[in-house]
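*Asks:* Give me a 3D structure for the following:
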Amino acid sequence: MERDQEIRYTEIEKTDAYIYDKVEMKVRVEEIYEVVIKDLDGISFIKRAVAPYIKDFSGHANYKRWNQQFDLSNWHFFMAFDGEKPVGGAVLCCNSAELHMLEGREDLGILWDIRVDSAYKRRGVGGKLFDMVMTKAKGMGLCQLKIECQNNNVPAAAFYFKQGAHLGAVNRYAYYGDADEEVQFLLYLDIEAAGV
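*Replies:* The predicted model follows:
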């Protein structure tokens, strides 16, 4: 795919955040991290190939739904545009008592969502959006960023580890009853250590 313009990155106003839903959130799954817990003797993570499929997260992760469920006062939306076309987005949440993932901490932010249109993946769009989130978090005085990832999103986990994140928790029952029964990984990234 040829580019006739440079990708433009910006933080958008919440009044324009409906645009966020125009960016797909599809992941091609070819492998997963199988989590094996041996009681208190340890946890093993085994990367295992699976029959390829496409996981579309946009049904659960979208602005329309968030706007109905949460107070978005302390949410920040970042977008990537190719011309007028939205091709990527990221969301940073902080200082929201209703979000249990924030653990009651005022120095913790959540990378609530990051997505890149399939045609724009592996072109640095996600990395630029991630950098914007980190810069904003540091500017707000946050010390740590929390990131949720699933065991069937191996590329995302690899990306976050490359940024310096570390595994803080594993929850095999976070999505109990869902068709996929994914395993939740909670990753943490120390903002100062990331060198932003």
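*Asks:* ok, residues contacting stretch 57-76?
*Replies:* The contact list for stretch 57-76, computed with Cβ atoms under 8 Å, 6 or more residues apart in numbering, reads 11, 14, 17-18, 20-21, 24-27, 77, 91-96, 98-99, 112-113, 115, 133, 136. Using the backbone N, CA and C atoms, a C-beta is placed for each residue, glycine as well.
*Asks:* Select from these every entry located in strands.
*Replies:* Counting by DSSP state E, the part of the contacts of stretch 57-76 found in strands is 11, 26, 27, 77, 91, 92, 93, 94, 112, 113, 115.
*Asks:* Could you tell me the end-to-end distance of stretch 88-99?
*Replies:* Taking Cα to Cα, to the nearest Å, stretch 88-99 runs 24 Å from one end to the other.
*Asks:* Over to stretch 136-146?
*Replies:* With Cα to Cα as the measure, stretch 136-146 spans 14 Å from end to end.
*Asks:* Repeat that for stretch 28-44.
*Replies:* For stretch 28-44, the first and last residues are 24 Å from each other (Cα to Cα).
*Asks:* any idea how far it is from the chain center?
*Replies:* The chain centroid and the centroid of stretch 28-44 are separated by 20 Å, computed with Cα atoms, centre = their mean, to the nearest Å.
*Asks:* now swap in stretch 134-152 and tell me
*Replies:* Mean-position distance between stretch 134-152 and its chain equals 9 Å (Cα atoms, centre = their mean).
*Asks:* same question, stretch 84-104
*Replies:* For stretch 84-104, the distance between its averaged C-alpha position and the chain's averaged C-alpha position is 9 Å (Cα atoms, centre = their mean).
*Asks:* tell me which residues of it are tucked away?
*Replies:* Residues of stretch 84-104 classed as buried under the neighbour-count rule (16 or more other Cβ atoms under 10 Å) are 86-96, 99, 102.
*Asks:* Pull the most distant pair out of the ones in strands among the contacts of stretch 57-76.
*Replies:* The distance between the two most remote of the ones in strands among the contacts of stretch 57-76 (Cβ to Cβ) is 27.4 Å, for 26 and 94.
*Asks:* All good on my end, thank you.
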